[in-house]
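1. turn this into a structure:
(one chain, ligands or ions: 1)
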Amino acid sequence: MKDFRTLSLEQLEDFFVSINEKPFRARQVYDWIWSKNAHSIDEMTNLSKSLREKLSEHFLINPAKIHVMQRSQDGTIKNAVRLFDDSVVESVMIPTAKRTTACISSQVGCSLDCTFCATARLARMRNLTSAEIIDQIILIDKQSREFHQKPLSNIVFMGMGEPLLNYNAVTEAVRKITENTGLGMSARRITLSTSGIPKMITMLADENLKVKLALSLHSAIEEKRRRLMPFSVKFPLADIMEALQYWYRQTKSRITFEYIVWQGINDGEEDIKALIKYCKKVPCKVNLIQYNAIDGGDFRQASDKAVENYVRQLEEHAVTVKIRKSRGADIDAACGQLANKH
Ligand code: SAH
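-> Model (predicted):
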(Lines give C-alpha, C1' and ligand atoms only; values in the text may rest on other atoms or scores of the structure.)
Protein backbone atom coordinates (compact mmCIF):
# COMPACT_ATOMS: atom_id res chain seq x y z
CA MET A 1 0.00 0.00 0.00
CA LYS A 2 1.28 3.40 -0.97
CA ASP A 3 0.22 6.84 0.15
CA PHE A 4 -1.32 8.51 -2.88
CA ARG A 5 0.45 11.68 -2.10
CA THR A 6 3.90 10.26 -2.67
CA LEU A 7 3.11 10.00 -6.41
CA SER A 8 3.64 12.65 -9.04
CA LEU A 9 0.94 13.39 -11.61
CA GLU A 10 2.94 11.46 -14.20
CA GLN A 11 3.25 8.43 -11.93
CA LEU A 12 -0.49 8.55 -11.29
CA GLU A 13 -1.14 8.66 -15.02
CA ASP A 14 1.10 5.65 -15.55
CA PHE A 15 -0.81 3.81 -12.89
CA PHE A 16 -4.21 4.48 -14.45
CA VAL A 17 -2.94 3.42 -17.85
CA SER A 18 -1.58 0.23 -16.31
CA ILE A 19 -5.05 -0.70 -15.03
CA ASN A 20 -6.66 0.18 -18.37
CA GLU A 21 -8.21 3.42 -17.22
CA LYS A 22 -8.09 6.79 -18.95
CA PRO A 23 -5.07 8.88 -17.98
CA PHE A 24 -7.27 11.93 -17.19
CA ARG A 25 -8.37 10.10 -14.06
CA ALA A 26 -4.95 10.96 -12.67
CA ARG A 27 -5.74 14.67 -12.86
CA GLN A 28 -9.02 14.10 -11.03
CA VAL A 29 -7.33 12.21 -8.22
CA TYR A 30 -4.57 14.77 -8.09
CA ASP A 31 -7.12 17.58 -7.66
CA TRP A 32 -8.86 15.71 -4.87
CA ILE A 33 -5.61 15.26 -3.03
CA TRP A 34 -3.96 18.60 -3.57
CA SER A 35 -6.71 21.16 -4.29
CA LYS A 36 -9.54 19.71 -2.26
CA ASN A 37 -7.38 18.17 0.43
CA ALA A 38 -9.30 14.89 0.42
CA HIS A 39 -8.30 12.56 3.21
CA SER A 40 -10.00 9.43 1.93
CA ILE A 41 -10.55 7.74 -1.41
CA ASP A 42 -14.30 7.62 -0.76
CA GLU A 43 -14.46 11.40 -0.97
CA MET A 44 -13.51 11.22 -4.65
CA THR A 45 -17.08 11.19 -5.83
CA ASN A 46 -16.45 11.79 -9.53
CA LEU A 47 -14.85 8.34 -9.69
CA SER A 48 -17.10 5.32 -9.90
CA LYS A 49 -17.54 3.18 -6.84
CA SER A 50 -15.80 0.24 -8.49
CA LEU A 51 -12.86 2.39 -9.47
CA ARG A 52 -12.61 3.72 -5.92
CA GLU A 53 -12.61 0.18 -4.63
CA LYS A 54 -9.90 -0.76 -7.06
CA LEU A 55 -7.83 2.20 -5.93
CA SER A 56 -8.28 1.23 -2.30
CA GLU A 57 -6.51 -2.05 -3.02
CA HIS A 58 -3.36 -0.15 -3.99
CA PHE A 59 -3.46 3.17 -2.18
CA LEU A 60 -4.35 4.92 0.99
CA ILE A 61 -4.05 8.43 2.36
CA ASN A 62 -2.33 8.97 5.67
CA PRO A 63 -3.11 12.48 6.84
CA ALA A 64 -1.24 14.02 9.73
CA LYS A 65 -3.51 14.80 12.67
CA ILE A 66 -3.40 17.21 15.56
CA HIS A 67 -2.55 15.20 18.65
CA VAL A 68 -2.37 18.01 21.19
CA MET A 69 -3.06 21.70 20.66
CA GLN A 70 -1.90 24.36 23.10
CA ARG A 71 -2.78 28.07 23.03
CA SER A 72 -0.45 30.67 24.39
CA GLN A 73 -1.58 33.84 26.14
CA ASP A 74 -0.31 35.77 23.12
CA GLY A 75 -2.51 33.81 20.68
CA THR A 76 0.27 31.55 19.43
CA ILE A 77 -0.87 27.97 18.96
CA LYS A 78 1.43 24.98 19.20
CA ASN A 79 0.33 21.72 17.65
CA ALA A 80 1.80 18.35 18.34
CA VAL A 81 1.09 16.68 15.03
CA ARG A 82 0.91 12.91 14.91
CA LEU A 83 2.07 11.12 11.77
CA PHE A 84 0.96 7.73 10.49
CA ASP A 85 3.82 5.91 12.26
CA ASP A 86 3.07 7.66 15.58
CA SER A 87 6.03 9.99 15.21
CA VAL A 88 5.19 13.47 16.45
CA VAL A 89 6.37 16.80 15.09
CA GLU A 90 5.44 20.26 16.23
CA SER A 91 4.04 23.11 14.18
CA VAL A 92 3.27 26.56 15.45
CA MET A 93 0.76 29.19 14.33
CA ILE A 94 1.94 32.72 15.04
CA PRO A 95 -0.68 35.44 14.59
CA THR A 96 0.08 39.14 14.37
CA ALA A 97 -2.21 42.05 13.51
CA LYS A 98 -1.45 41.80 9.80
CA ARG A 99 -0.55 38.21 9.17
CA THR A 100 -0.53 34.63 10.30
CA THR A 101 2.69 32.69 10.05
CA ALA A 102 2.99 28.92 10.15
CA CYS A 103 6.25 27.66 11.61
CA ILE A 104 6.55 24.11 10.38
CA SER A 105 8.83 21.12 10.80
CA SER A 106 10.75 19.37 8.05
CA GLN A 107 12.08 16.39 10.02
CA VAL A 108 11.17 14.30 13.04
CA GLY A 109 13.94 15.44 15.36
CA CYS A 110 17.14 16.80 13.84
CA SER A 111 20.48 15.28 12.93
CA LEU A 112 22.40 18.45 13.76
CA ASP A 113 23.80 19.17 17.18
CA CYS A 114 23.30 22.85 18.01
CA THR A 115 24.10 22.98 21.71
CA PHE A 116 21.39 25.54 22.50
CA CYS A 117 18.45 23.88 20.73
CA ALA A 118 15.98 21.48 22.34
CA THR A 119 15.19 19.71 19.06
CA ALA A 120 18.81 18.58 18.74
CA ARG A 121 18.37 16.41 21.82
CA LEU A 122 15.62 14.24 20.38
CA ALA A 123 16.76 10.75 19.59
CA ARG A 124 14.19 9.81 17.00
CA MET A 125 14.95 11.03 13.52
CA ARG A 126 13.45 10.72 10.09
CA ASN A 127 12.64 12.92 7.15
CA LEU A 128 9.07 14.06 6.63
CA THR A 129 7.40 13.41 3.30
CA SER A 130 6.19 16.37 1.28
CA ALA A 131 2.62 15.42 2.16
CA GLU A 132 3.44 15.52 5.87
CA ILE A 133 4.92 18.97 5.42
CA ILE A 134 1.86 20.15 3.50
CA ASP A 135 -0.53 18.67 6.07
CA GLN A 136 0.99 20.88 8.76
CA ILE A 137 0.35 23.90 6.58
CA ILE A 138 -3.25 22.93 5.82
CA LEU A 139 -3.92 22.34 9.53
CA ILE A 140 -2.56 25.74 10.46
CA ASP A 141 -4.46 27.47 7.67
CA LYS A 142 -7.65 26.00 9.14
CA GLN A 143 -6.72 27.21 12.62
CA SER A 144 -5.97 30.67 11.32
CA ARG A 145 -9.39 30.87 9.67
CA GLU A 146 -11.07 29.53 12.78
CA PHE A 147 -9.33 31.62 15.41
CA HIS A 148 -8.37 34.74 13.46
CA GLN A 149 -10.86 34.81 10.58
CA LYS A 150 -8.14 35.01 7.98
CA PRO A 151 -6.09 32.61 5.92
CA LEU A 152 -2.52 31.73 6.53
CA SER A 153 -0.23 34.33 4.95
CA ASN A 154 3.35 33.20 5.61
CA ILE A 155 5.30 30.02 6.13
CA VAL A 156 8.66 29.60 7.81
CA PHE A 157 10.57 26.33 7.87
CA MET A 158 11.80 27.05 11.37
CA GLY A 159 10.27 24.19 13.29
CA MET A 160 12.00 20.90 13.92
CA GLY A 161 14.69 19.70 11.59
CA GLU A 162 17.06 21.02 8.97
CA PRO A 163 15.08 21.67 5.77
CA LEU A 164 18.11 21.47 3.50
CA LEU A 165 18.84 17.95 4.75
CA ASN A 166 15.38 16.93 3.57
CA TYR A 167 15.84 18.72 0.32
CA ASN A 168 13.58 16.79 -2.06
CA ALA A 169 10.52 16.70 0.17
CA VAL A 170 10.90 20.34 1.17
CA THR A 171 11.28 21.67 -2.37
CA GLU A 172 8.44 19.46 -3.56
CA ALA A 173 6.22 20.72 -0.74
CA VAL A 174 7.01 24.32 -1.64
CA ARG A 175 6.12 23.65 -5.26
CA LYS A 176 2.88 21.97 -4.39
CA ILE A 177 1.85 24.64 -1.89
CA THR A 178 2.45 27.41 -4.37
CA GLU A 179 1.03 25.62 -7.40
CA ASN A 180 -1.55 23.05 -6.48
CA THR A 181 -3.14 23.36 -3.11
CA GLY A 182 -5.41 26.27 -3.73
CA LEU A 183 -3.83 28.12 -0.83
CA GLY A 184 -2.74 30.66 -3.40
CA MET A 185 0.45 31.22 -1.52
CA SER A 186 3.34 33.01 -3.18
CA ALA A 187 6.77 31.51 -2.68
CA ARG A 188 8.00 34.92 -1.57
CA ARG A 189 5.98 34.42 1.60
CA ILE A 190 7.88 31.26 2.40
CA THR A 191 11.18 31.35 4.27
CA LEU A 192 13.54 28.45 4.49
CA SER A 193 15.85 28.59 7.47
CA THR A 194 19.09 26.65 7.39
CA SER A 195 21.94 26.16 9.78
CA GLY A 196 24.23 26.49 6.79
CA ILE A 197 25.07 23.68 4.40
CA PRO A 198 26.89 25.36 1.51
CA LYS A 199 26.31 22.73 -1.18
CA MET A 200 22.61 22.64 -0.51
CA ILE A 201 22.33 26.43 -0.51
CA THR A 202 23.94 26.47 -3.94
CA MET A 203 21.59 23.78 -5.15
CA LEU A 204 18.57 25.66 -3.85
CA ALA A 205 19.78 28.81 -5.57
CA ASP A 206 19.57 26.98 -8.90
CA GLU A 207 16.09 25.68 -8.18
CA ASN A 208 14.32 28.93 -9.07
CA LEU A 209 11.84 28.45 -6.23
CA LYS A 210 11.59 32.13 -5.24
CA VAL A 211 11.59 31.36 -1.52
CA LYS A 212 13.47 33.49 0.97
CA LEU A 213 16.50 32.20 2.76
CA ALA A 214 17.47 32.64 6.40
CA LEU A 215 20.73 31.44 7.86
CA SER A 216 21.24 30.65 11.53
CA LEU A 217 24.56 32.36 12.11
CA HIS A 218 24.86 33.07 15.85
CA SER A 219 28.56 33.85 15.52
CA ALA A 220 30.73 35.10 12.68
CA ILE A 221 33.82 33.85 14.50
CA GLU A 222 34.73 30.39 13.26
CA GLU A 223 35.85 28.69 16.52
CA LYS A 224 32.94 30.16 18.42
CA ARG A 225 30.38 29.02 15.90
CA ARG A 226 31.93 25.56 15.97
CA ARG A 227 31.47 25.35 19.69
CA LEU A 228 27.84 26.46 19.42
CA MET A 229 27.09 24.30 16.39
CA PRO A 230 29.63 21.45 16.38
CA PHE A 231 28.51 19.99 13.02
CA SER A 232 29.65 23.23 11.40
CA VAL A 233 33.25 22.05 11.58
CA LYS A 234 32.50 20.63 8.13
CA PHE A 235 31.09 23.91 6.86
CA PRO A 236 33.46 26.85 7.37
CA LEU A 237 32.02 30.37 7.36
CA ALA A 238 33.94 31.21 4.21
CA ASP A 239 32.28 28.34 2.32
CA ILE A 240 28.89 29.39 3.60
CA MET A 241 29.55 32.95 2.44
CA GLU A 242 30.51 31.74 -1.01
CA ALA A 243 27.23 29.84 -1.23
CA LEU A 244 25.28 32.87 0.00
CA GLN A 245 26.90 35.12 -2.58
CA TYR A 246 25.96 32.59 -5.22
CA TRP A 247 22.44 32.54 -3.81
CA TYR A 248 22.20 36.30 -4.13
CA ARG A 249 23.56 36.34 -7.68
CA GLN A 250 21.02 33.75 -8.75
CA THR A 251 17.95 34.97 -6.85
CA LYS A 252 18.55 38.66 -6.07
CA SER A 253 16.96 37.87 -2.74
CA ARG A 254 18.61 39.23 0.36
CA ILE A 255 19.57 36.81 3.10
CA THR A 256 18.38 37.03 6.69
CA PHE A 257 20.90 36.16 9.37
CA GLU A 258 19.35 34.78 12.53
CA TYR A 259 21.46 35.61 15.50
CA ILE A 260 21.08 35.07 19.23
CA VAL A 261 23.15 37.16 21.61
CA TRP A 262 24.16 35.20 24.71
CA GLN A 263 25.62 36.61 27.84
CA GLY A 264 29.36 36.06 28.07
CA ILE A 265 29.44 34.07 24.84
CA ASN A 266 29.01 36.44 21.92
CA ASP A 267 28.18 39.80 23.49
CA GLY A 268 31.65 41.31 23.10
CA GLU A 269 33.07 43.91 20.74
CA GLU A 270 34.99 41.36 18.67
CA ASP A 271 31.73 39.48 18.05
CA ILE A 272 30.01 42.58 16.73
CA LYS A 273 32.98 43.47 14.54
CA ALA A 274 33.10 39.99 13.04
CA LEU A 275 29.37 40.08 12.34
CA ILE A 276 29.58 43.47 10.61
CA LYS A 277 32.45 42.26 8.49
CA TYR A 278 30.54 39.14 7.51
CA CYS A 279 27.40 41.15 6.69
CA LYS A 280 29.34 43.43 4.38
CA LYS A 281 30.04 40.57 2.02
CA VAL A 282 26.49 39.96 0.83
CA PRO A 283 23.17 41.84 0.79
CA CYS A 284 21.52 40.82 4.04
CA LYS A 285 19.70 41.81 7.17
CA VAL A 286 20.11 40.63 10.73
CA ASN A 287 17.33 39.35 12.98
CA LEU A 288 18.45 39.36 16.58
CA ILE A 289 16.34 36.61 18.07
CA GLN A 290 15.67 36.24 21.72
CA TYR A 291 17.12 33.17 23.37
CA ASN A 292 14.54 30.84 24.83
CA ALA A 293 15.81 28.87 27.73
CA ILE A 294 15.76 25.10 27.37
CA ASP A 295 15.99 22.56 30.18
CA GLY A 296 19.44 22.09 31.60
CA GLY A 297 21.20 24.55 29.30
CA ASP A 298 23.93 26.94 30.46
CA PHE A 299 23.02 29.65 28.00
CA ARG A 300 21.58 32.95 29.04
CA GLN A 301 20.09 35.72 26.92
CA ALA A 302 22.41 38.76 26.89
CA SER A 303 21.32 41.96 28.60
CA ASP A 304 19.19 44.52 26.76
CA LYS A 305 22.20 46.80 26.84
CA ALA A 306 24.35 44.25 25.02
CA VAL A 307 21.66 43.72 22.40
CA GLU A 308 21.24 47.48 21.95
CA ASN A 309 24.98 47.72 21.48
CA TYR A 310 24.68 45.24 18.62
CA VAL A 311 21.85 47.23 17.06
CA ARG A 312 23.65 50.55 17.33
CA GLN A 313 26.88 49.34 15.78
CA LEU A 314 25.18 47.39 13.01
CA GLU A 315 23.12 50.44 12.14
CA GLU A 316 26.20 52.65 12.21
CA HIS A 317 27.60 50.36 9.54
CA ALA A 318 24.38 50.48 7.53
CA VAL A 319 23.43 46.88 8.25
CA THR A 320 19.65 46.43 8.60
CA VAL A 321 18.84 44.89 11.96
CA LYS A 322 15.67 43.95 13.80
CA ILE A 323 15.04 42.60 17.25
CA ARG A 324 12.67 39.68 16.96
CA LYS A 325 10.58 39.14 20.02
CA SER A 326 9.77 35.66 21.08
CA ARG A 327 6.23 34.29 20.87
CA GLY A 328 4.58 31.42 22.65
CA ALA A 329 7.33 30.88 25.22
CA ASP A 330 4.76 30.06 27.93
CA ILE A 331 3.83 26.88 26.05
CA ASP A 332 7.35 26.00 24.88
CA ALA A 333 6.43 26.98 21.33
CA ALA A 334 9.24 29.48 20.80
CA CYS A 335 12.32 28.95 18.62
CA GLY A 336 14.51 26.15 19.85
CA GLN A 337 11.93 24.86 22.31
CA LEU A 338 10.23 22.30 20.12
CA ALA A 339 10.97 18.99 21.74
CA ASN A 340 7.82 16.91 21.94
CA LYS A 341 7.12 17.22 25.60
CA HIS A 342 4.02 15.13 24.94
N1 SAH B 1 17.66 23.85 11.25
C2 SAH B 1 17.19 25.10 10.73
C3 SAH B 1 15.75 25.31 11.05
C4 SAH B 1 15.43 25.54 12.52
S5 SAH B 1 15.07 27.20 12.67
C6 SAH B 1 18.08 26.22 11.24
O7 SAH B 1 18.91 25.96 12.09
O8 SAH B 1 17.98 27.35 10.76
C9 SAH B 1 15.07 27.49 14.32
C10 SAH B 1 15.78 28.77 14.67
O11 SAH B 1 15.75 28.89 16.07
C12 SAH B 1 17.25 28.72 14.26
O13 SAH B 1 17.70 29.98 13.88
C14 SAH B 1 17.89 28.29 15.55
O15 SAH B 1 19.25 28.64 15.59
C16 SAH B 1 17.05 29.03 16.56
N17 SAH B 1 17.11 28.46 17.90
C18 SAH B 1 17.48 27.22 18.25
N19 SAH B 1 17.41 27.07 19.59
C20 SAH B 1 16.97 28.25 20.08
C21 SAH B 1 16.66 28.73 21.38
N22 SAH B 1 16.78 27.94 22.44
N23 SAH B 1 16.22 29.99 21.50
C24 SAH B 1 16.05 30.77 20.42
N25 SAH B 1 16.31 30.39 19.17
C26 SAH B 1 16.77 29.13 18.99
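
2. what's the burial count for Y248?
-> Per other C-beta atoms under 10 Å, the neighbour tally for Y248 reads 18. For every residue, glycine as well, the C-beta is placed using N, CA and C.

3. got it, and the one 4 residues further on?
-> Per other C-beta under 10 Å, the neighbour tally for K252 reads 8.

4. so for it, what's the pLDDT?
-> Here the pLDDT value assigned to K252 is 98.

5. next: the one 3 residues further on.
-> In this model, I255 is scored at 98, pLDDT.

6. around the ligand, pick out the residues from the stretch 101-250 of the chain.
-> Residues of the stretch 101-250 of the chain found near the ligand (C-beta under 6 Å from any ligand atom) are C114, F116, C117, M158, E162, S193, T194, S195, S216.

7. residue contacts, the last one?
-> The neighbourhood of S216, defined by C-beta atoms under 8 Å, 6 or more residues apart in numbering, consists of C114, S193, T194, S195, G196, M229, E258.

8. equivalent analysis for the first one, please.
-> Applying C-beta under 8 Å, 6+ apart to C114 gives the contacts A120, S195, S216, L228, M229, F231, G336.

9. which pLDDT value goes with it?
-> Value for C114, per-residue pLDDT: 95.

10. now name the helix or strand holding it.
-> According to DSSP states H and E, C114 maps onto no helix or strand at all.

11. next, format the contacts of C114 as JSON lines and append pLDDT and secondary structure.
-> Formatted as JSON lines, the contacts of C114 follow (pLDDT from 0 to 100; DSSP: H, G, I helix; E, B strand; the rest coil):
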{"residue": "A120", "pLDDT": "90", "secondary structure": "helix"}
{"residue": "S195", "pLDDT": "98", "secondary structure": "coil"}
{"residue": "S216", "pLDDT": "98", "secondary structure": "strand"}
{"residue": "L228", "pLDDT": "97", "secondary structure": "helix"}
{"residue": "M229", "pLDDT": "98", "secondary structure": "coil"}
{"residue": "F231", "pLDDT": "97", "secondary structure": "helix"}
{"residue": "G336", "pLDDT": "70", "secondary structure": "coil"}
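
12. out of those residues, which one sits closest to Y167?
-> The nearest member of these to Y167, counting by C-beta to C-beta, is S195 at 13.9 Å.

13. what's the closest one sitting at in phi/psi?
-> Dihedral angles of S195 (phi, psi; degrees, to the nearest 10) stand at phi -80, psi 0.

14. for it, which non-adjacent residue is closest in space?
-> Distances taken as C-beta to C-beta, 6 or more residues apart in numbering place S216 nearest to S195, at 4.8 Å, with adjacent residues excluded.

15. tell me the bridge partners for that neighbour.
-> Counting by DSSP bridges, S216 forms beta bridges with E258.

16. what about V321, how many neighbours?
-> Quick note: V321 (other C-beta under 10 Å) scores 20 neighbours.

17. so where is the stretch 201-342 of the chain shaky, pLDDT-wise?
-> Along the stretch 201-342 of the chain, segments meeting pLDDT under 70 span 340-342.

18. wait, isn't V233 in contact with E223?
-> No - using C-beta atoms under 8 Å, V233 is not in contact with E223; the gap is 9.9 Å.

19. which of the two has more neighbours?
-> V233 (12 against 9).

20. still on that earlier bit, farthest pair in the contacts of C114?
-> Among the contacts of C114, F231 and G336 lie farthest apart (C-beta to C-beta), at 15.8 Å.

21. strands of the chain, start to end?
-> Taking DSSP state E, the strands of the chain run over residues 2-3, 59-60, 65-71, 77-82, 88-95, 100-103, 107-108, 126-127, 154-157, 190-194, 212-216, 255-260, 284-289, 320-324.

22. mind listing what's buried along the third one?
-> The reference is to strand 65-71. I66, H67, Q70, R71 (16 or more other C-beta atoms under 10 Å).

23. ok, these vs the ligand, which is closest?
-> Q70 (17.8 Å; C-beta to the nearest ligand atom).

24. now do the contacts for that closest one.
-> I77, K78, N79, I331, A333.

25. do you know how far it is from D304?
-> From Q70 over to D304 the distance is 28 Å, taken as C-beta to C-beta, to the nearest Å.

26. just how off-centre is stretch 302-320 within its chain?
-> The chain centre lies 27 Å from the centre of stretch 302-320; the measure is C-alpha atoms, centre = their mean, to the nearest Å.
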